[in-house]
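> predicted coordinates and the sequence they were generated for:
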Amino acid sequence: MKNFAFTLAELLITLGIIGVVAAMTIPTLIQNHKRHSTAVSVKKFYSILTQAIKLSEIDNGPSGQWLKEKMAYDENENLQKAENAQLALKYFNKYLKDYIKYIKIDENPRELQTDNEPAAMIKVYLADGSTFFLNNGMCAHFIFDANGDKKPNMHGKDKFNFLLCHDDLNKKVFLGENNNSNFGPYCENANNCINREAAKLKCETTPHTCANLLMFDGWKFKDDYPIKL
């Protein structure tokens, strides 16, 4: 009887082929997983905030009427960062604190401190490891980071912007004509919210608006998403 087996050369060739295929496919698999997990995280944040706002409205009335104080400036029109951060904290404590699950709040995030000045926003740590900054801007401005303190911490990659606007503002300027809510992705101005092509172009030039493109795409990163993750 004859015994059949692979020669050492055949095994080495086979392992070499497997290694080449792995080198070609694993980076793609990792990138696809990253894209999917980031998209899921952004969609989850949007859902969490939407639900929290609805629950808060039961106790505090329509979100479009929630009291949000103006940005804190001194007589020389310089932003008073510490005071502005406290106004953001006050807004969070009154309208969102009891309706959202979070781990802790950083009232003076180190990464936002510049030239020995305090941060102008607060940072909220969520239970799933993600975070968001809350800025007391013209609207309540949420800057969501899908993977928290992990890099790259860049807009359009893992950071995405949302607004909650008061009825006194023309909210459609910031949230677009198609948004019937006071909360939604920041698109900078209404022209960027008209259709997907406009949203895509704006995302490419101004990554702060990329959450708007994700909403058009059903909270998924499509192949033509203009920023490499």
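Nice, I can see it.
> where along the protein do the strands fall?
Assigned by DSSP state E, the strands in the chain fall at 102-106, 121-126, 131-136, 140-145, 159-164, 183-185.
> quick one: the fifth one to strand 131-136, angle?
Just to be clear, that refers to strand 159-164. Counting by axes from the mean of the first three to the mean of the last three CA atoms, to 10 degrees, strand 159-164 lies at 40 degrees to strand 131-136.
> tell me which other helices or strands strand 159-164 touches.
Contacts defined by 3 or more CB pairs under 8 Å, 6 or more residues apart in numbering; DSSP states H and E place strand 159-164 against helix 8-60, strand 140-145, strand 183-185, helix 210-216. Using the backbone N, CA and C atoms, a C-beta is placed for each residue, glycine as well.
> quick one on the thing from earlier: reformat the strands of the chain as a markdown table; add mean neighbour count.
Below are those laid out as a markdown table (neighbours: other CB atoms under 10 Å):
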| stretch | mean neighbour count |
| --- | --- |
| strand 102-106 | 14 |
| strand 121-126 | 22 |
| strand 131-136 | 24 |
| strand 140-145 | 22 |
| strand 159-164 | 24 |
| strand 183-185 | 24 |
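> returning to what we had before: so can I have CSV of the helices and strands packed on strand 159-164 showing mean pLDDT and distance to P152?
What follows is these, written out as CSV (pLDDT from 0 to 100; distance: least, CB to CB, whole Å):
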stretch, mean pLDDT, distance to P152
helix 8-60, 83, 11
strand 140-145, 97, 10
strand 183-185, 93, 20
helix 210-216, 94, 14
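> could I get the buried residue list for stretch 179-193?
Residues of stretch 179-193 classed as buried: N179, N182, F183, G184, P185, Y186, C187, E188, A190, N192, C193 (neighbour count, 16 or more other CB atoms under 10 Å).
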